[in-house]
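[1] fold the following, please.
(one chain, ligands or ions: 2)
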Amino acid sequence: MAGEPAVERFEFVEVHMGVDFRLLFYAPDADSANRAAQAAFARVAELDALLSDYEPDSELMRLCATAGQGQAVPVSKDLWHVLERSQQLAKATDGAFDVTVGPLVRLWRQARRTRKLPDPQALQQARQAVGFEFVRLVPECQSVELKQPRMQLDLGGIAMGYAADEALRVLREQGMPSALVDASGDIVVGDAPPDAAGWRIGLPPLEAEQPPHRYLLLSHAAVTTSGDAFQHVEIAGRRYSHIIDPATGLGLAEQRSVTVIAPDCMTADSLATALCVLGPERGLEFIKQMPAAEAMFLWREGDLVCSRETSGFASREVRAEKND
Ligand code: AMP
Ligand code: MG
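    Ligands and ions are numbered 1, 2, ... in the order given. Take a look at the predicted model:
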């Protein structure tokens, strides 16, 4: 339109939180685009230093070191925010989503290396330190107590979504409202690209190597897909997902994926992980109570790929031909 400043499309990729973080946005020139991208990446790096379970001196790991000592320790605003949301979802899903699964995630990583399931004793011991009810949040002083010894929190199912939301927020603050942030499948978008109705986003099919099977057109929304296509270990002919079923202590053995559309990426990310554990039946029942969220399940039955979704999911879809 005449009188509107011309903008160009810019793309930046950096590795953060162990994955490619991709920023796609429209900016008037390369200098301001660079500045905005650096500010967004700096915020993601800051969050990683707080929330990572890989960095031994992250704030999260320092909190875990206090497990079982009978004290509530004050935490940063960011860690508080993520833990508060995690606990809400844990309660709402009866513990299907549970960030205390850390000891079980460690056993899963070991199983991936050794190709052996954990022995029953190790599993039993790990499970004693797992349970969202062992996390005590004290809102008055934003403090957290981990009530059992050897508890390990793992924010892998929610922190990436929060980091993507924060990167998008920083881009907007820097004057780049027309933006997409893709944290390796946790995707959040702001204003639509100029001259487009939204961002066109391909959804991965059940097998990750295959091209997208459906496309969404989104603005001011987030979409995340969780499932075993992305990470799994095969033991004795069975696939175990990196998503733990707290009811068994093992990785989910069903081959399924869940795509969630929600207003923000922290919600989409955590719900996708939660619904994966709940499965299509219970998962669709659960998400029906959330008017702002949509979900689609894919799963395998023999040679067949089955699919079920909420009634509003297809209204966010566009035809597959055009590229974004
Ligand atoms: P996502 O890829 O977002 O579905 O998250 C998977 C990651 O979440 C895993 O790699 C673990 O770090 C963590 N996780 C695994 N099982 C659970 C669970 N039942 N509840 C919450 N987080 C989990
Ligand atoms: Mg997730």
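
[2] how far away is T100 from G156?
    Between T100 and G156 the distance is 12 Å, computed by C-beta to C-beta, to the nearest Å. Where you see a C-beta, it was placed from the backbone N, CA and C, and this is true even at glycine.

[3] please say which of the two ends up with more neighbours.
    T100 (26 against 22; other C-beta atoms under 10 Å).

[4] ok, back up a step: what touches both of T100 and G156?
    With contacts taken as C-beta atoms under 8 Å, 6 or more residues apart in numbering, T100 and G156 have no neighbour in common.

[5] grab the nearest non-local neighbour of the most centrally placed residue in the chain.
    In the chain, the centroid-proximal residue (C-alpha atoms, centre = their mean) is D269; its distance is 3.2 Å. Of all residues not flanking D269 in the chain, G161 sits nearest, at 2.7 Å (C-beta to C-beta, 6 or more residues apart in numbering).

[6] rounded mean pLDDT for the helix or strand harbouring the residue nearest to the centre of the chain, please.
    Per DSSP states H and E: D269 is located in helix 265-287. Mean pLDDT, computed over helix 265-287, is 97.

[7] ok, and for that helix, which residues are buried?
    Judged by neighbour count (16 or more other C-beta atoms under 10 Å), helix 265-287 contains these buried residues: 265-280, 283-284, 286-287.

[8] what of stretch 98-118?
    Buried residues in stretch 98-118, counted by 16+ other C-beta under 10 Å: 98-108, 111-112, 117-118.

[9] the stretch 101-250 of the chain: strands as residue ranges?
    Ranges of strands in the stretch 101-250 of the chain, per DSSP state E, counting those that start in this stretch, are 135-138, 143-146, 179-183, 186-189, 199-203, 214-218, 221-227, 232-235, 238-241, 244-245, 250-251.

[10] quick revisit: who's in contact with the residue nearest to the centre of the chain?
    Contacts for D269 were tallied using C-beta under 8 Å, 6+ apart; they are G157, I158, M160, G161, Y162, A164, D186, A222, T224, S226.

[11] tell me the spacing between the first one and G312.
    For G157, the distance to G312 under the criterion C-beta to C-beta works out to 24 Å.

[12] quick check, nearest of the contacts of D269 to ligand 2?
    G157 (4.0 Å; C-beta to the ion).

[13] rewinding a little: if we check ligand 2, which of the buried residues of helix 265-287 are in contact?
    Of the residues in those, proximity to ligand 2 by C-beta under 5 Å from the ion holds for D269, A272, T273.

[14] can you narrow these down to the ones near ligand 1?
    D269, A272, T273 (C-beta under 6 Å from any ligand atom).

[15] packing partners of the helix or strand where V44 lies?
    Per DSSP H and E, V44 falls inside helix 30-51. Here helix 30-51 touches strand 8-16, strand 19-27, helix 59-64, helix 77-92, helix 159-173, going by 3 or more C-beta pairs under 8 Å, 6 or more residues apart in numbering; DSSP states H and E.

[16] does ligand 1 have contacts with that helix?
    No - Helix 30-51 is not in contact with ligand 1 by C-beta under 6 Å from any ligand atom; minimum separation 11.3 Å.

[17] that helix to strand 8-16, inter-axis angle?
    30 degrees (axes from the mean of the first three to the mean of the last three C-alpha atoms, to 10 degrees).

[18] show me what helix 30-51 is in contact with.
    Counting by C-beta under 8 Å, 6+ apart, 8, 10, 12, 14, 16-17, 21, 23, 25, 27, 55, 58-60, 76, 78-79, 82, 155, 159, 162-163, 166-168, 170-171, 173-176, 181 sit against helix 30-51.

[19] again, but for stretch 282-296
    92-93, 203, 258-263, 267-268, 271-272, 274-276, 278, 297, 307-310, 312-313, 316.

[20] if we use 7 Å, what do you get?
    Applying C-beta atoms under 7 Å, 6 or more residues apart in numbering, the contact partners of stretch 282-296 are 93, 258-263, 267, 271, 275, 278, 297, 307-310, 312-313, 316.

[21] now, of those, which are buried?
    93, 258-262, 267, 271, 275, 278, 297, 309-310, 313, 316.

[22] among the buried residues of stretch 98-118, which two are most distant?
    The most widely separated members of these are V99 and L117, with 22.9 Å between them, by C-beta to C-beta.

[23] where does the stretch 101-250 of the chain come near ligand 1, residue by residue?
    Contact residues (C-beta under 6 Å from any ligand atom) of the stretch 101-250 of the chain with ligand 1: V101, V105, D154, G156, G157, S226, H242, I243, I244, P246.

[24] now with 5 Å?
    Counting by C-beta under 5 Å from any ligand atom, the residues of the stretch 101-250 of the chain close to ligand 1 are V101, V105, D154, G156, G157, S226, H242, I243, I244.

[25] just the residues you listed now: which is nearest L252?
    For these, the closest approach to L252 (C-beta to C-beta) belongs to I243, at 5.2 Å.

[26] thought the closest one was touching L252?
    Yes - assessed by C-beta atoms under 7 Å, I243 is found in contact with L252 at 5.2 Å.
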